[in-house]
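In: Requesting a structural model of the entry that follows:
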Amino acid sequence: MFQKILVAIDRSDVSQQTFAAALELAKTLNAQLMLINVLSPLEATYPAPLYSARAAYPVAPESMQLYVQQWQAVEQEGLDFLRAQTATAMAAGITTEFTQALGDPGHAICTLAKSWNANLIMIGRRGYKGLGELFIGSVSNYVMHHAPCSVLTVQGTVDLPSVEAAASAETTPAAETATQPETLNV
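Out: Here you go, the predicted model:
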């Protein structure tokens, strides 16, 4: 049923969980993987675009060269990451390809899913809600609503304190005395 699985990954923790789940699913189904990493110039982790506030003052050639070098480094890091993930999948016996795209992540993922004839897209979900989702956007939400195939979202794990730690934090001396039986003298 799912023989061609497109896996959207980056270097985030939730992406690593998504990749691990994709490996297990691909092994179980004897499926092939296509890994995609999308470089988005609008994300804070990428080099800031260069522009002049006034058209009369062009950007200095040195600044433009530095910007191009920064982008080339980001592109190379992405490709190195994809090669490493592909090697991991191939070592597990899974036929794997990769690609890197530039632009809007949701659109790039859906476009590749259609052209590669993916049966399933696996994507992580960071859990943005409310205003965070409105301002930051949700790639997984876009993909779920625009994908040409089934979509499996992997919810990132949240580090929660252990039950014991939570229970001990709630115990206070006042709470301990309140649980002691009272003796009434009549």
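In: Show me which residues of the helix or strand harbouring residue 86 are buried.
Out: If you go by DSSP states H and E, residue 86 is part of helix 61-91. Within helix 61-91, the residues scored as buried using 16 or more other C-beta atoms under 10 Å are 71, 74, 78, 81-82, 85-86, 89. To be clear about C-beta, it is placed using only N, CA and C from the backbone, and glycine gets the same treatment.
In: do the same with stretch 4-15
Out: Within stretch 4-15, the residues that qualify as buried by neighbour count (16+ other C-beta under 10 Å) are 4-10, 14-15.
In: I'd say residue 142 and residue 121 touch.
Out: No. Taking contacts as C-beta atoms under 8 Å, residue 142 lies outside contact range of residue 121: 11.2 Å.
In: Give me the more crowded residue out of these two.
Out: residue 121 (25 against 17; other C-beta atoms under 10 Å).
In: Looks to me like that one is in a strand.
Out: Yes. Under DSSP: H, G, I helix; E, B strand; the rest coil, residue 121 falls within a strand.
In: Contact partners for it?
Out: 5-8, 109-110, 113, 143, 147, 149-152 (C-beta atoms under 8 Å, 6 or more residues apart in numbering).
In: Looking at those residues, which is nearest residue 20?
Out: If you rank these by distance to residue 20 using C-beta to C-beta, residue 7 comes first, at 10.3 Å.
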